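Visitor: Pasting the sequence and the predicted model now:
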Amino acid sequence: MEKTCKDCKEVKGIDCFAWVSHKRNLRQPRCKPCHILRNGAYQKAYSAMYHKKNYRPSGRSLNKKQQEIAGEKVCITCNILKPFSLYSLSTTRYKGVKKISLRNQCTECINKHVREYLKDKRPTIEFKARYKIYSAKYRKSSGCAASKRWKNNNREKLRICTNKRDAERRLYLLDTYVKQSLYATFKKTNDCKGLDIKFSDFTPEIIDAQRKNLILKRKIKAYEKDKNKD
Amino acid sequence: MKKTKIKTKTITDVIKVTKDIGDTLANAFDDTNDIKVATASLDAYRTAILGSKTQLIYKKLTGKPGTIPFLED
């Protein structure tokens, strides 16, 4: 069996034509390579058209993911797609975890905004004179350099200080959960209404008792769970 | 046999003693796995917490350090 292609008009074997349906014994009017070419061109044209229609460069229709893939981002103020290099980085913290992301405004817009904001707040002559004196004093004393020198000379002292600070922080983090639970129990009853109770008011004895109480409660819960399983 | 006397004059003594009772009962729960013992130790801890709570409230209301005169008498 042979068939002529609609595009290239060559006579080819029937296996060169893709199936439309087996039931009706129908095959494509174009051969496989022609079909792929035509289909690819159509898809490209259609996708370009669709992109023009839906993804406006000035609009915010692009998803965050699409923006990230394209390496471009829409500025909030000027509504223009711009590459990542024109955005400055911003750091945020959520539950102690540092997160670095791009700003929503491009650097141009930020600079514009800052210039407008500082129009009325330009430094006066008096302020400038005072600043000059202060800067001269600072240079003389070389505060920054002095601190660096001190750090280099007293490394052991610094190490002890940092260790102490870290230990204090760890202790604070350890006790926060216990303190919060204590605070909740205090708030439940109306005895402490009107009194400003802070975490610093809790004595180590009460914190220790509450910690042991919580540990025991957990133990009982685990024991009951095991019992129910058996 | 000589009986050891436990002094519970001040509120701090009460807190200490109740905490000790709670500790001993918690150790007993670890050995025996008896829930009655565990609940008793929980009660002991609760009383210790309540004692310190009263101390704190008294401190806040009067502004004096944590000694309650009517408990000492």
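Guide: Here it is on my side, so go on. Numbering: from 1, shown residues only, chains lettered A, B, ... in the order given.
Visitor: Around chain B, which positions in chain A sit nearby?
Guide: Applying CB under 8 Å from any CB of the partner chain, one finds that chain A approaches chain B through A:182, A:185-186, A:191-192, A:195-197, A:201-203, A:205-206, A:208-210, A:212-213, A:216-217, A:219-220, A:223-224. Every residue, glycine included, has its C-beta placed from N, CA and C.
Visitor: for chain A, what helix or strand is lowest in average pLDDT?
Guide: Here the helix or strand of chain A ranked lowest by mean pLDDT, DSSP states H and E is helix A:64-70, holding a mean of 56.
Visitor: Give the pairing partners of the helix or strand following it; include direction for each.
Guide: Per DSSP states H and E, helix A:64-70 leads on to strand A:72-74 as the next helix or strand towards the C-terminus. Strand A:72-74 has its sheet partners listed here by DSSP bridges as strand A:81-83 (antiparallel).
Visitor: Tell me how far the partner strand lies from the chain's centre.
Guide: In this view, strand A:81-83 has its centroid 19 Å away from the chain centroid, taken as CA atoms, centre = their mean, to the nearest Å.
Visitor: What residues sit buried inside it?
Guide: A:81, A:82 (16 or more other CB atoms under 10 Å in any protein chain shown).
Visitor: What's the first helix or strand after it?
Guide: Next helix or strand after strand A:81-83 toward the C-terminus (DSSP H and E): strand A:89-94.
Visitor: just checking, next helix/strand downstream of that next one?
Guide: Trace forward from strand A:89-94 with DSSP H and E and the next one is strand A:97-102.
Visitor: for that following strand, packing partners?
Guide: strand A:89-94 (3 or more CB pairs under 8 Å, 6 or more residues apart in numbering or on different chains; DSSP states H and E).
Visitor: The strand it packs on: partners in the sheet, and parallel or antiparallel?
Guide: In the sheet, strand A:89-94 lines up with strand A:97-102 (antiparallel) (DSSP bridges).
Visitor: name the element residue A:77 belongs to?
Guide: Going by DSSP H and E, residue A:77 is not in any helix or strand.
Visitor: where does chain B dip in pLDDT?
Guide: B:1-3, B:64-73 (pLDDT under 70).
Visitor: right, is the lengthiest helix in it up against chain A?
Guide: In chain B, taking DSSP state H as the definition, the longest helix is helix B:35-62. Yes: using CB under 8 Å from any CB, we find that helix B:35-62 touches chain A at B:35, B:38, B:41-42, B:45-46, B:48-49, B:52-53, B:55-57, B:59-61.
Visitor: and chain A, what are its domains?
Guide: A:2-54, A:64-117, A:174-229 (automatic domain parsing).
Visitor: I'd like these as JSON lines, with distance to residue A:150 appended.
Guide: What follows is the domains of chain A, written out as JSON lines (distance: least, CB to CB, whole Å):
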{"stretch": "domain A:2-54", "distance to residue A:150": "61"}
{"stretch": "domain A:64-117", "distance to residue A:150": "28"}
{"stretch": "domain A:174-229", "distance to residue A:150": "31"}
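Visitor: so which of these comes closest to residue B:31?
Guide: Using CB to CB as the measure, domain A:174-229 is the one of the domains of chain A that comes nearest residue B:31, at 12.6 Å.
Visitor: name the element the closest residue to residue A:182 other than its chain neighbours belongs to?
Guide: Once flanking residues are discounted, residue A:182 sits nearest to residue A:210: 5.1 Å by CB to CB, 6 or more residues apart in numbering or on different chains. Using DSSP H and E, residue A:210 sits within helix A:204-229.
Visitor: tell me the angle of that helix relative to helix B:35-62?
Guide: Interaxial angle, helix A:204-229 versus helix B:35-62 (axes from the mean of the first three to the mean of the last three CA atoms, to 10 degrees): 150 degrees.
Visitor: Just list what helix A:204-229 packs against, helices and strands only.
Guide: So helix A:204-229, by 3+ CB pairs under 8 Å, 6+ apart, packs with helix A:155-188, helix B:11-32, helix B:35-62.
Visitor: Switch the ones you listed over to CSV; also include distance to residue A:146.
Guide: Output for the helices and strands packed on helix A:204-229, formatted as CSV (distance: least, CB to CB, whole Å):
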stretch, distance to residue A:146
helix A:155-188, 15
helix B:11-32, 48
helix B:35-62, 45
